[in-house]
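> dropping the sequence and predicted coords here.
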Amino acid sequence: MVLKVSSCPHCNSKIFFRIELSDINTERFPAPVYIVHKNGIYDKTSTFYADSKLRISYSTKEKKAGALKILNTIDKP
């Protein structure tokens, strides 16, 4: 699993999550994956897009179709 750092498109705070190749559709790149940011105030789901090397290219606030998995944010490692 790869630890990724990105920013939440809802609140712009730094988020951490782990992702692996089995979490995404490898037949379509950039591949969407849902990330749930839980910060104690709200649980917001966003769609992030990963390439074949699991680099995150961009994100949207909406939950777009096509993701295989829902990943949760983790506390700062």
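Received the coordinates, thanks. Since we're looking at a predicted model, the values are computed, not measured.

> what about Leu68, how many residues nearby?
13 (other C-beta atoms under 10 Å). Heads up, the C-betas are built off the backbone N, CA and C, glycines and all.

> can you give me the strands in this protein?
Using DSSP state E, the strands found in the chain span residues 2-7, 14-19, 31-38, 43-50, 56-60, 70-72.

> strand partners of the shortest one, parallel vs antiparallel please.
Strand 70-72 pairs in its sheet with strand 31-38 (parallel), by DSSP bridges.

> hmm, Ile56 is touching Ile35, no?
No. The criterion here is C-beta atoms under 8 Å, and Ile56 misses it with Ile35 at 9.2 Å.

> got any residues that touch both of those two?
Shared contacts of Ile56 and Ile35 (C-beta atoms under 8 Å, 6 or more residues apart in numbering): Ser6, Phe48.

> more crowded one of the two?
For Ile56 versus Ile35, neighbours defined as other C-beta under 10 Å are more numerous around Ile35 (24 against 18).

> tell me which helix or strand of this protein sits lowest on mean pLDDT?
strand 56-60 (a mean of 92; mean pLDDT, DSSP states H and E).

> distance check, Ser57 against Ile24.
With the distance defined as C-beta to C-beta, to the nearest Å, Ser57 ends up 12 Å from Ile24.

> show me which of the two is the more surrounded one.
Ile24 (24 against 11).

> where does the more buried one fall, phi/psi-wise?
Torsion angles at Ile24 (phi, psi; degrees, to the nearest 10) stand at phi -120, psi 160.

> and the least confident helix or strand of the chain, which strands flank it?
strand 43-50 (antiparallel).

> okay, the strand it pairs with in CSV with CA atoms only?
Output of strand 43-50 as CSV, limited to C-alpha atoms (Å, rounded to 0.1, in the frame of the first residue of the first chain):
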residue,chain,number,x,y,z
ASP,A,43,-17.9,12.9,6.5
LYS,A,44,-17.4,14.2,3.0
THR,A,45,-16.9,11.9,0.0
SER,A,46,-14.9,13.1,-3.0
THR,A,47,-13.7,11.5,-6.2
PHE,A,48,-9.9,11.4,-6.7
TYR,A,49,-8.2,10.2,-9.9
ALA,A,50,-5.1,8.0,-9.9
